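S.K.: Sequence and predicted structure are below.
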Amino acid sequence: MPRPAPLIEMRGISKSFGAVKANEAVDLSVAPGEILGLLGENGAGKTTLMNVLFGAYAPDAGEILVQGRPVTINSSADALAAGIGMVHQHFHLAPRLSVLENLLIGIPGKSGRIDRAGGLARLGEIGRQHGLTLDPDLPVSALSVGEQQRLEIVKALFRGARLLILDEPTAVLAPTEVDGLFSALRSMAAQGLGIIFISHKLNEVRALTHRCVVLRHGRVAGRVDAPASTTSSEMARLMCGHEIVPPARGPSTPGAAVLTLDDISTSRHSGMALRDVSLAVRAGEILGIAGVSGNGQRALAEVISGVRAPDAGRMTIAGKIVSRFSPREVQALGLGRIPEDRMTTGLVTNLPLADSMVLPRIGTDAFSRNGLLRPDAIRAFAEAQIKAYDIRCPGPMTRAGALSGGNLQKALLARELAFDPKVLIVSQPTRGLDIGAARFIHEKFLDMRAKGCGIIVLGEDLEELLMLCDRIAVMYEGRIVGTLASADATIARLGLMMTGAEGHG
Amino acid sequence: MSVVLEQIFQVGFLAAIIRIATPLAFATLGEMFSERAGVLNLGIEGIMLLSAMTGFTATNLSGSLWLGVLAAVVTGALMGALHALFTVALGLSQHVCGIGVTLFSSGLAYFLYRLIFGQQSVPPSIKSFETLPIPVLSDIPVLGPAVFNQFSLVYMAILAVPLAAFVLYRTPWGLSVRMVGENPRAADSAGVGVIATRFQAVILGGALMGLAGAFLSMAQFNAFTFGLVSGRGWVAIALVVFGRWDPWRSAGAALLFAFVDALQLRMQASGLGHIPYEAFLMLPFIFTIVAMAVMSRNAVAPSALLKPFRREER
């Protein structure tokens, strides 16, 4: 069957930032009705390439053709006029404005006024066509992340996009929301739209896309014409340039409990409260906490890391009772913590990386003396960790915010592991990371486990939890509804427990 | 005490509130447009003074009041454009540039005034605005003489409030202003010119501040003096917060401040002579501080306020 004429074609696109070649001679095309996967590790140039297509960057070389005609795209307005819409990884929405207002921004009004009636009609029409319904008058801040993403897609369609670019759309979604997104995308493709789906999750790309382009170091490393019948390891090899073997979790002999929670309850301060949560993590054991986000994981992480004191219950670390619940106290007892949000609670993005890496222990003798910082010691520590963990950055004095997600996560891991914690708590450890970086993080966890550290992993990615954890507890509405040894656990069973349908003591 | 109260609450008292609120309403709406687009304009105090001077001077030289108003509006718009040039086009600190604009405008006002009029034994004067009773409406008891027997600039201020609300909430341009003040990147990716929209909002804001200045020198005081504005610009900045960046609430805030100000003026004149008059002068400002402290707890500023927009920055 001859392929229809391409909706969009990029020829020989090159783009450099200083000495870094983000894209080099990239060719890519999308036909109407086609879902193209754009694969690559973080930093492979996927986002840069799409920003060139959407007019945020001017390419150094190459041309873009829309339906066979060469076009120049200098701004997002040009891209929209050419029928290209983009759903960015970080949504471009104004939280305090309503859904409809976010849709109508930049749309000319009717006789000087905002065309509310026209907007509502169009919104309803798009909703019916693709199953993307939204309440027009809710402020965006009241929407779930999945709904905000839906709004971004509707926004692009609203502007008459014929080609939709989605930059890692599933990174922010819960597993159940992914299915909804996929069916909407399939419906759009069936109606002749072209879609570029950027991801590094191979199973998703295999399930959704018709064709794939794999980028590595800014170049096209390979093309896959039938993703569904290509194995994940084959695609992973194209992405990374070498074979990826999942780490094997050997047997372990857990020791004494290093962290215990007895009947911990919290008040409903922000988000879901905890109700009578009891759990224990033993030395040399990885305990997973599965659950749909918003079921108390945040409160649990905050209590364990000493950010919030519970209203009732008892917690011990390495056999000692936690009395004051301050981050300093739990840290002194041997707890290491990698927070959920790297950028806000993990690091200080505007300070040098070295400063962020010593921040939790800035007052200890290692980094300060007589109330004065020891810059040489701080720098030496950061340099040693950068080397040990292969953190890619120009140096310890680089602004932390300039690092990629994978490198930030390595830096956070390095900062905690350097002090040999007895217990480590991590939330969503590999969210947004590519295979290589995720693999590295997983290996480090297994190393720590072998060394006798107790680890708690909070997450939504069940495959990851099953691979890493010795036991998995499931949280639902602020309670632990059951704990399974991972040998007994399956995705289906955990999924059922996560909805509160099944409990196991 | 009842004598005091009787003296205070008269028709004249209501009229005084409206008159005091007028320049504040113009200034507050001006500052609101600017801040809604994400630009704090601390130049307001100086812009009001310079506009008061140019308006007064233009009227003194031409004999036309409306030419004076036009001069004040153009002055305000130009100074707004200057502030936008620094903060929007060049992305410099809004605090520093705003204070710079105030210092520059004030200095320029003194300088030009001296240059044009020199040192005169009798200060220059103009034939100022006179009250313009609106037929029928001004015959309504109490409200009529207070609200509908005022300067034409007062009527403009009263009309400006619903107009500002309409523009901000019902027009595509107003939506663009709110969007660039909340999330400029979202506006940019929707094809809205962030820089252009911010420029327009700051210039419109400056023009409104110009009207405030014109009212002071050409209707309220009929003269230009160097202490003419005396903190009204700063008060307007507080009133924007108090009014939660909304035209109606901001106008309400201006009225409330004017009420306290009118009250203290009456109290000064009402035989409570054993209290130093400076104590009364403080009242509206104490009110502002208290109101700010209470209200600003729930006030949420436009998310992108103070943040310059650069497209290639990630």
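M.R.: Structure received.
S.K.: Can you tell me the SS state at A:Asn74?
M.R.: coil (DSSP: H, G, I helix; E, B strand; the rest coil).
S.K.: doesn't A:Ala56 make contact with it?
M.R.: No - using C-beta atoms under 8 Å as the test, A:Asn74 is too far from A:Ala56 to be in contact (9.7 Å). For every residue, glycine as well, the C-beta is placed using N, CA and C.
S.K.: More neighbours: the two, which one.
M.R.: The neighbour count for A:Asn74 versus A:Ala56, taken as other C-beta atoms under 10 Å in any protein chain shown, is higher for A:Ala56 (23 against 11).
S.K.: give me the element that one is part of.
M.R.: Element membership for A:Ala56 (DSSP states H and E) is empty, with no helix or strand holding it.
S.K.: I'd assumed A:Ser76 was in contact with it.
M.R.: Yes - under the criterion of C-beta under 8 Å, A:Ala56 lies in contact with A:Ser76, with a separation of 6.9 Å.
S.K.: Which parts of the stretch 51-200 of chain B are helices?
M.R.: B:65-84, B:94-117, B:143-147, B:152-170, B:172-182, B:184-189, B:194-215 (DSSP state H, counting those that start in this stretch).
S.K.: With respect to A:Phe197, which of those lies nearest?
M.R.: Among those, the nearest to A:Phe197 by C-beta to C-beta is helix B:184-189 (18.7 Å).
S.K.: Checking A:Asp78 next. Helix, strand or coil?
M.R.: A:Asp78 falls in the helix class when you classify it by three-state DSSP.
S.K.: residues in contact with it?
M.R.: By C-beta atoms under 8 Å, 6 or more residues apart in numbering or on different chains, A:Asp78 lies in contact with A:55, A:71-72.
S.K.: So how do I select the buried members of these in PyMOL?
M.R.: PyMOL command restricting those to the buried ones, with burial defined by 16 or more other C-beta atoms under 10 Å in any protein chain shown:
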select buried, chain A and resi 55
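S.K.: Any buried residues in stretch B:43-50, and which?
M.R.: B:43-50.
S.K.: Same check on stretch B:298-308?
M.R.: For stretch B:298-308, the neighbour count (16+ other C-beta under 10 Å) marks B:301-302, B:304-305, B:308 as buried.
S.K.: now, the most widely separated pair of the residues you listed?
M.R.: Counting by C-beta to C-beta, the most remote pair of the buried residues of stretch B:298-308 is B:Ala301 and B:Pro308, 15.7 Å apart.
S.K.: picking up where we left off before, can you flag the weakest of the helices of the stretch 51-200 of chain B by average pLDDT?
M.R.: Among those, helix B:143-147 has the lowest mean pLDDT, at a mean of 84.
S.K.: Wait, B:Met267 touches B:Leu281, no?
M.R.: No - look at B:Met267 against B:Leu281 with C-beta under 8 Å: they stay out of range, at 10.2 Å.
S.K.: what does chain B have sitting close to chain A?
M.R.: B:170-172, B:174-176, B:178-179, B:182-183, B:185-192, B:300, B:303, B:311-312 (C-beta under 8 Å from any C-beta of the partner chain).
S.K.: from these, which would you call buried?
M.R.: B:172, B:174-176, B:178-179, B:182-183, B:185-192, B:311.
S.K.: Would you mind confirming that A:Ile455 is in contact with A:Val281?
M.R.: Yes - taking contacts as C-beta under 8 Å, A:Ile455 lies within contact range of A:Val281: 7.2 Å.
S.K.: joint contacts of the two?
M.R.: Contacts common to A:Ile455 and A:Val281, judged by C-beta under 8 Å, 6+ apart, are A:287, A:423.
S.K.: number of nearby residues for the residue in the stretch 201-350 of chain A that chain B sits nearest to?
M.R.: In the stretch 201-350 of chain A, the residue that lies nearest chain B is A:Thr349 (11.8 Å; C-beta to the nearest C-beta). Neighbours of A:Thr349 under the rule other C-beta under 10 Å: 16.
S.K.: So it versus B:Val11, what's the distance?
M.R.: 60 Å (C-beta to C-beta, to the nearest Å).
S.K.: same deal with A:Pro421?
M.R.: Using C-beta to C-beta, A:Pro421 is found at 76 Å from B:Val11.
S.K.: Look at those two and report which has more neighbours.
M.R.: Between A:Pro421 and B:Val11, A:Pro421 has the larger neighbour count (other C-beta under 10 Å), namely 22 against 14.
S.K.: thinking that one is in contact with A:Ala332, fair?
M.R.: No - contact criterion C-beta under 8 Å: A:Pro421 and A:Ala332 do not qualify, at 11.1 Å.
S.K.: CA atoms of stretch B:106-120 as PDB?
M.R.: Provided in PDB are the C-alpha atoms of stretch B:106-120 (Å, rounded to 0.1, in the frame of the first residue of the first chain):
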ATOM      1  CA  SER B 106       9.700  63.900  39.700                       C
ATOM      2  CA  GLY B 107      13.000  65.500  39.000                       C
ATOM      3  CA  LEU B 108      11.900  66.300  35.400                       C
ATOM      4  CA  ALA B 109       8.600  67.800  36.700                       C
ATOM      5  CA  TYR B 110      10.400  70.200  39.100                       C
ATOM      6  CA  PHE B 111      13.000  71.000  36.400                       C
ATOM      7  CA  LEU B 112      10.500  71.800  33.600                       C
ATOM      8  CA  TYR B 113       8.200  73.700  35.900                       C
ATOM      9  CA  ARG B 114      11.000  76.000  37.000                       C
ATOM     10  CA  LEU B 115      12.200  76.300  33.400                       C
ATOM     11  CA  ILE B 116       8.800  77.300  32.100                       C
ATOM     12  CA  PHE B 117       7.500  79.500  35.000                       C
ATOM     13  CA  GLY B 118      10.700  80.600  36.800                       C
ATOM     14  CA  GLN B 119      10.300  82.000  40.300                       C
ATOM     15  CA  GLN B 120       7.100  84.000  40.400                       C
END
